[in-house]
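**Q** Predicted structure and sequence below. I'll ask about it afterward.
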Amino acid sequence: MPLQRRLPKRGFTNTAKKRYAIINLKDLGRFEPNTELDAAALKESGLVGHIRDGIALLGDGDISHPLTVKVHRASRKAIEKMEAAGGKVEII
């Protein structure tokens, strides 16, 4: 009998899991103030390699100038920091 049939199966693989490309606020500091960023602009700049199920914005780091960012998901902390800097996060 082959080895893969003799060993027990371990764990579970969720095939419906969504995989997001992750961007942190500290990565957005390279853009000019009042820039509008969408998926195409983020991919062109090299921040996002492969967009699978969307882009997620996380609140790691700080941002000092206003930007408009269009992403699929955003953490509450990232939205608060972006609004405090005068920017806006749009969920698409």
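**A** Alright, I've got the coordinates.
**Q** Would you mark the buried spots in the longest helix along the chain?
**A** Looking across the chain with DSSP state H, the single longest helix is helix 76-84. Neighbour-count burial for helix 76-84, counted by 16 or more other C-beta atoms under 10 Å, picks out 78-79, 81-82. Any C-beta I mention is one placed from the backbone N, CA and C, and that applies to glycine too.
**Q** Report the contact partners of Leu47.
**A** Leu47 is in contact with 23, 27, counting by C-beta atoms under 8 Å, 6 or more residues apart in numbering.
**Q** tell me which element it is part of?
**A** Under the criterion DSSP states H and E, no helix or strand holds Leu47.
**Q** how near is it to Ala16?
**A** In this view, Leu47 and Ala16 are 27 Å apart by C-beta to C-beta, to the nearest Å.
**Q** which residues in the protein form strands?
**A** 21-24, 36-37, 55-58, 68-71, 73-74, 88-91 (DSSP state E).
**Q** now those strands as a markdown table including mean neighbour count, distance to Gly11 and mean pLDDT?
**A** Converted to a markdown table, these look like this (neighbours: other C-beta atoms under 10 Å; distance: least, C-beta to C-beta, whole Å; pLDDT from 0 to 100):
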| stretch | mean neighbour count | distance to Gly11 | mean pLDDT |
| --- | --- | --- | --- |
| strand 21-24 | 18 | 23 | 92 |
| strand 36-37 | 17 | 37 | 90 |
| strand 55-58 | 22 | 24 | 93 |
| strand 68-71 | 20 | 31 | 92 |
| strand 73-74 | 18 | 26 | 93 |
| strand 88-91 | 14 | 32 | 92 |
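**Q** and the two most separated of the buried residues of helix 76-84?
**A** Ile79 and Lys81 (7.5 Å; C-beta to C-beta).
**Q** what touches both of the two?
**A** Residues touching both Ile79 and Lys81 (C-beta under 8 Å, 6+ apart): none.
**Q** quick one on the thing from earlier: turn the buried residues of helix 76-84 into CSV, columns for pLDDT and distance to Ala40.
**A** Conversion of those to CSV gives the following (pLDDT from 0 to 100; distance: C-beta to C-beta, whole Å):
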residue, pLDDT, distance to Ala40
Ala78, 92, 20
Ile79, 93, 22
Lys81, 91, 24
Met82, 92, 20
